[in-house]
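*Asks:* pasting the sequence and the predicted model now:
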Amino acid sequence: MAFTTTSNFAGKAAGFYISAALAQTNSLEYITMIENIKFKSNIQQMSLNADAAGGGIVTAAGCDFVNSGDLDLTEKILEPANLQVNLQLCKSVLLDSWEALQMRAGAGAPPPASFDDYVISYMGEIIAEATENSIWDGTAVAGQFNGFNGAATGYLLPGVDATVVQDAASAAYSATNIIANLQAAVAAIPVAVLGKEDLHIYMNQRTYQYYISAVSTLGYVNAYNMNGDYVPMFEGYKIAVCNGMTINEIVIAQKSNLFFGTDLLSDATRITLMDMAALDGSDNMRMVARYSAGVQTGTGADIVRQS
């Protein structure tokens, strides 16, 4: 029996699937997400500057008004890039694995996903991986958006934001030097954000592997005999393991100071599945997804980047 499927989702309906795809992007667990950006969003940051003569914002009480400081408001623009995924696959490639899942669903198991949902989840994995990589090392080229550490244009690079604290690694990371490099990066944390609850040390899987190897060599059993409750930390700061980061780079920042933006409600956000059987007689399926994504930082002076 011939199997055909054609579906079209736009706006909020498509946003549901795009949101599910982005949920697979592990870095977004440690970054502030701004949804429903129609074109661009202003990231506003406020800071208090104490009057030099007064010595601080809080002063001794008196009858007269004496200004003790000023409020500075700065802003950066988060402008998500418009992206798309166009795929053509033979239905048989996915049908075999989908039918296998159908057969495995036994008594008491949740109902198996429809073929449409299964195909969309396959596309979602592609979107998630591409988004994860662009968050950190994307550049302003087709199919990517500008990332935090992207070559030449990354928002944390000294040529783009001179206020970001730059720290040089002693050498390429290894199990023998990762502790010293982490200590140097932590020592560079600005006083203003020391001890902040949402401050994280961001690193990739390989760097984290070096760290685990180093601490296990030192005899910290709990670091490598991990269970589901284990939270990786270094000197009191949570470690965020981000798959999209490259080796030999560490970032220390607050989750509330790194931003990811997208639009899940726009009519331009859509997912389309087209069965080509009725159009050209083939057994192919075309999959189209359109969405937007981008990142931006808040206060660069509160971020440490080591490379």
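*Replies:* Yes, it's here.

*Asks:* where in the stretch 51-200 of the chain is pLDDT low?
*Replies:* Counting by pLDDT under 70, the low-confidence segments of the stretch 51-200 of the chain come to 51-55, 99-113.

*Asks:* would you map the helices across it?
*Replies:* Secondary structure of the stretch 51-200 of the chain (DSSP state H, counting those that start in this stretch): helices located at 91-104, 115-137, 178-187.

*Asks:* same question for residue 273, what's its three-state structure.
*Replies:* For residue 273, the reduced secondary structure class is strand; criterion used: DSSP: H, G, I helix; E, B strand; the rest coil.

*Asks:* just give me the neighbour total for residue 33.
*Replies:* 13 (other CB atoms under 10 Å). Bear in mind the C-beta positions are built from the backbone N, C-alpha and C, glycine included.

*Asks:* that one sits in which helix or strand?
*Replies:* Element membership of residue 33, judged by DSSP states H and E, is strand 32-34.

*Asks:* quick one: strands adjacent to that strand?
*Replies:* Paired neighbours of strand 32-34 in the sheet (DSSP bridges): strand 258-261 (parallel).

*Asks:* residues in contact with the strand it pairs with?
*Replies:* When contacts are taken as CB atoms under 8 Å, 6 or more residues apart in numbering, the neighbours of strand 258-261 outside the stretch itself are 28, 30-35, 37, 41, 43, 78-80, 135, 148, 292-298.

*Asks:* next, the buried residues of stretch 283-301.
*Replies:* Burial within stretch 283-301, assessed by neighbour count using 16 or more other CB atoms under 10 Å, is assigned to 284-285, 287-300.

*Asks:* how far away from the center of its chain is it?
*Replies:* Centre-to-centre, stretch 283-301 and its host chain are 11 Å apart (CA atoms, centre = their mean, to the nearest Å).

*Asks:* start the count at 489 instead of 1 going forward.
*Replies:* Fine by me, first position is 489 from now on; the one you just mentioned is stretch 771-789.

*Asks:* let's have the helices of the stretch 539-688 of the chain in CSV, adding distance to residue 546 and mean neighbour count.
*Replies:* Compiled in CSV, the helices of the stretch 539-688 of the chain are given as follows (distance: least, CB to CB, whole Å; neighbours: other CB atoms under 10 Å):
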stretch, distance to residue 546, mean neighbour count
helix 579-592, 63, 13
helix 603-625, 39, 19
helix 666-675, 29, 18
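
*Asks:* my guess is residue 735 contacts residue 695. True?
*Replies:* Yes. Counting by CB atoms under 8 Å, residue 695 is a contact partner of residue 735 at 6.3 Å.

*Asks:* residue boundaries of the strands in the stretch 489-638 of the chain?
*Replies:* Remark: strands assigned in the stretch 489-638 of the chain by DSSP state E, counting those that start in this stretch are 495-498, 520-522, 529-538, 557-566, 569-578.

*Asks:* now for the ones you listed, which one comes closest to residue 690?
*Replies:* strand 520-522 (13.6 Å; CB to CB).

*Asks:* on that earlier part again, neighbour count for residue 735 and residue 695, which is higher?
*Replies:* Under the neighbour definition other CB under 10 Å, residue 735 and residue 695 were set side by side, and residue 695 has more, 25 against 12.

*Asks:* the more buried one: what's it in contact with?
*Replies:* Residue 695 makes contact with 661, 666, 733, 735-738 under the criterion CB under 8 Å, 6+ apart.

*Asks:* at 7 Å what do you get?
*Replies:* Under the criterion of CB atoms under 7 Å, 6 or more residues apart in numbering, the contact partners of residue 695 comprise 661, 666, 735, 738.

*Asks:* for my notes, confirm it occurs in a helix.
*Replies:* Yes. Residue 695: assigned to a helix according to three-state DSSP.

*Asks:* any idea how far residue 779 is from it?
*Replies:* When CB to CB, to the nearest Å is applied, the distance between residue 695 and residue 779 equals 30 Å.

*Asks:* what do you get for residue 746?
*Replies:* Following CB to CB, the distance that separates residue 746 from residue 779 is 20 Å.

*Asks:* next one: residue 622
*Replies:* As defined by CB to CB, residue 622 lies at a distance of 12 Å from residue 779.

*Asks:* next one: residue 721
*Replies:* 34 Å.

*Asks:* same question for residue 605.
*Replies:* On the measure of CB to CB, residue 605 and residue 779 end up 17 Å apart.
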